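S.K.: here's my sequence, what's the structure:
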Amino acid sequence: MHKLGEVILAEIQFANFPEIKTRPAVVLFEEYGNIVVAGITSNIKMDGISLTKKEGVIKESVIKLNYIFTISEKMIKKVLFSLSNEKKKIIINEFIKKLSEY
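M.R.: Numbers count the residues shown, from 1 in each chain. Presented below is the predicted three-dimensional model:
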């Protein structure tokens, strides 16, 4: 079972592209075999939650809470690392902020 804060490498299909790409993502939660993840980008000019090399990424990156996907276990290639409890709290708080905007 995957938990909040796991950074994974997964096959993801973006809504505006027909092909499937292998991309990093962070697990938000898993329920009934569905794994909800947020995409990660190395485009640090984009808005989101920063990830540093010190935290485990190869290249400075950003967690994009506006790129949310539901994937299955078979789409996960591997778990790369887990985020700190402090970073998990930031993700939760930012996600709640996003949801409360609507």
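
S.K.: can we go C-alpha only for contacts and neighbour counts from here?
M.R.: Fine.

S.K.: start from the N-terminal end of the protein and give the strands.
M.R.: Assignment of strands within the chain using DSSP state E yields the ranges 6-13, 20-31, 34-41, 49-51, 61-72, 76-82.

S.K.: looking at the ones you listed, which is closest to Ile91?
M.R.: Proximity to Ile91, assessed across the strands of the chain by Cα to Cα, is greatest for strand 49-51 (7.4 Å).

S.K.: what pairs with that closest one, parallel or antiparallel?
M.R.: Here strand 49-51 has these sheet partners by DSSP bridges: strand 61-72 (antiparallel).

S.K.: what sits up against the partner strand?
M.R.: Outside of strand 61-72, the residues within contact range by Cα atoms under 8 Å, 6 or more residues apart in numbering are 12, 25-26, 33-44, 46-52, 95.

S.K.: which among these count as buried?
M.R.: In terms of neighbour count (16 or more other Cα atoms under 10 Å), the buried residues within the contacts of strand 61-72 are 12, 25-26, 35-42, 44, 48-51.

S.K.: hmm, back to that, Glu101 is nearest to which of the strands of the chain?
M.R.: Scanning the strands of the chain with Cα to Cα as the criterion, the closest one proves to be strand 61-72, at 12.4 Å.

S.K.: now the angle between strand 6-13 and that closest one, please.
M.R.: With axes from the mean of the first three to the mean of the last three Cα atoms, to 10 degrees applied, the angle from strand 61-72 to strand 6-13 works out at 70 degrees.

S.K.: to Leu99, which of the strands of the chain lies closest?
M.R.: strand 61-72 (10.2 Å).

S.K.: now do the buried residues in that closest one.
M.R.: By neighbour count on 16+ other Cα under 10 Å, the buried set for strand 61-72 is 61-65, 68-71.
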